[in-house]
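Participant: Turn this into a model:
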Amino acid sequence: MQRFDGKVVIVTGAGSGIGEAAARRFVAEGARVVLTDSVGDKIDAVVASLPEGRATAVRADSSDFDQVAAMVQHAVGQYGRLDGLVNNAGTITQGTVEDTSVDDWHRVLETDLSGVFYGTKAALGHLLESRGCIVNVSSVSGLAGDWRMSAYNAAKGGVSNFTRAVALDHGRDGVRVNAVAPGFVWTDLTSEDGEAHELSDEFSRRIPLGRGGLPEEVAAAITFLASEDARFITGVVLPVDGGTMASNGQPAQA
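Facilitator: Have a look, this model is predicted:
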């Protein structure tokens, strides 16, 4: 399918994981894509592996509004328009409130929540012109709480409700705003996390489909929400979690 022929899309946090998979899927479906990440080498490598002329790498820290605004202007300057924005960049810290430093709290909130606001604010004028769309990457942790992840829960909960609010504000303008809420996904980060591997059996027991997700599976949901196939969908936070959020938390019965 070539659902994005002639379209220009920005994907933040595109150096690996869900962001990389989304960028690849958009390119495969005809889009020209601007990949951003705070680590330039990672996005340079991804762009080098894509068809020539279809993608551009721009180093930008999503927690810095000036860098985000410059990145959007670069995208529009190079390609002449902007049709879609995927706010994917994120970070995490674990611990109770007692364990979480003020610096870690601000780092997570600035990247995961403020970064979504910054991207939306910088891109919105261009998306109003193109009647484009935004897809934010929230999390099941933005729909319910976790143990020892209060900062991440606060940030992703904010992303989920920010998505709904912006959808309300700009639906009449023709701009759709949705989010995906992944559950456990095997990315470079989780694959290198020894604790994640130790918990993999527990994740498998709790996820109705019996396994963690793949970045490509989340990317498929992102591109669906960004496409004309979802033209009557806005304000949705779509779990992409193998059925995790279908549970009320009670244990499985033998």
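
Participant: From now on I want contacts and neighbour counts done on CA atoms only, so please keep to that.
Facilitator: OK.

Participant: Give the full set of residues in contact with C133.
Facilitator: By C-alpha atoms under 8 Å, 6 or more residues apart in numbering, C133 lies in contact with D83, G84, L85, L127, V175, R176, V177, A226.

Participant: Could I have the buried ones of the residues you listed as PyMOL selection syntax?
Facilitator: Buried members of the contacts of C133 can be picked out in PyMOL with the line below, counting by 16 or more other C-alpha atoms under 10 Å:
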select buried, resi 83+84+85+127+175+176+177+226
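
Participant: And the strands in the stretch 101-250 of the chain?
Facilitator: Taking DSSP state E, counting those that start in this stretch as the test, the strands found in the stretch 101-250 of the chain are 133-137, 176-182, 237-240.

Participant: Any chance of those in JSON lines with distance to D44 and mean pLDDT as columns?
Facilitator: Listed next are the strands of the stretch 101-250 of the chain as JSON lines, based on distance: least, C-alpha to C-alpha, whole Å; pLDDT from 0 to 100:
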{"stretch": "strand 133-137", "distance to D44": "22", "mean pLDDT": "98"}
{"stretch": "strand 176-182", "distance to D44": "26", "mean pLDDT": "98"}
{"stretch": "strand 237-240", "distance to D44": "28", "mean pLDDT": "98"}
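
Participant: Do a quick rundown of the helices in this structure.
Facilitator: In chain order, the chain shows helices spanning 17-28, 40-48, 65-79, 102-108, 115-130, 150-170, 188-191, 194-198, 200-206, 215-226, with DSSP state H as the criterion.

Participant: Pick the most buried one from these.
Facilitator: Looking across these with neighbours counted as mean count of other C-alpha atoms under 10 Å, the highest average goes to helix 17-28: a mean of 24.

Participant: mean confidence score for it?
Facilitator: Model confidence over helix 17-28, given as mean pLDDT, is 98.

Participant: Outside of it itself, list whatever touches it.
Facilitator: Looking at what lies outside helix 17-28 - C-alpha under 8 Å, 6+ apart - the contacts are 2, 4, 9, 11-14, 32-33, 35, 46, 50, 54-55, 88-89, 187-189, 215-216, 218-220, 222-223.

Participant: now it, how far from the chain's geometric center?
Facilitator: Average the C-alpha atoms of helix 17-28, do the same for its chain, and the two points are 11 Å apart (C-alpha atoms, centre = their mean, to the nearest Å).

Participant: Could you do stretch 116-128 as well?
Facilitator: The chain centroid and the centroid of stretch 116-128 are separated by 15 Å under C-alpha atoms, centre = their mean.

Participant: coming back round to it: nearest to Q250, of the strands of the stretch 101-250 of the chain?
Facilitator: With respect to Q250, and counting by C-alpha to C-alpha, the nearest of the strands of the stretch 101-250 of the chain is strand 237-240 at 19.1 Å.

Participant: Show me what that closest one is packed against.
Facilitator: Applying 3 or more C-alpha pairs under 8 Å, 6 or more residues apart in numbering; DSSP states H and E, we find strand 237-240 packed against helix 150-170, strand 176-182, helix 215-226.
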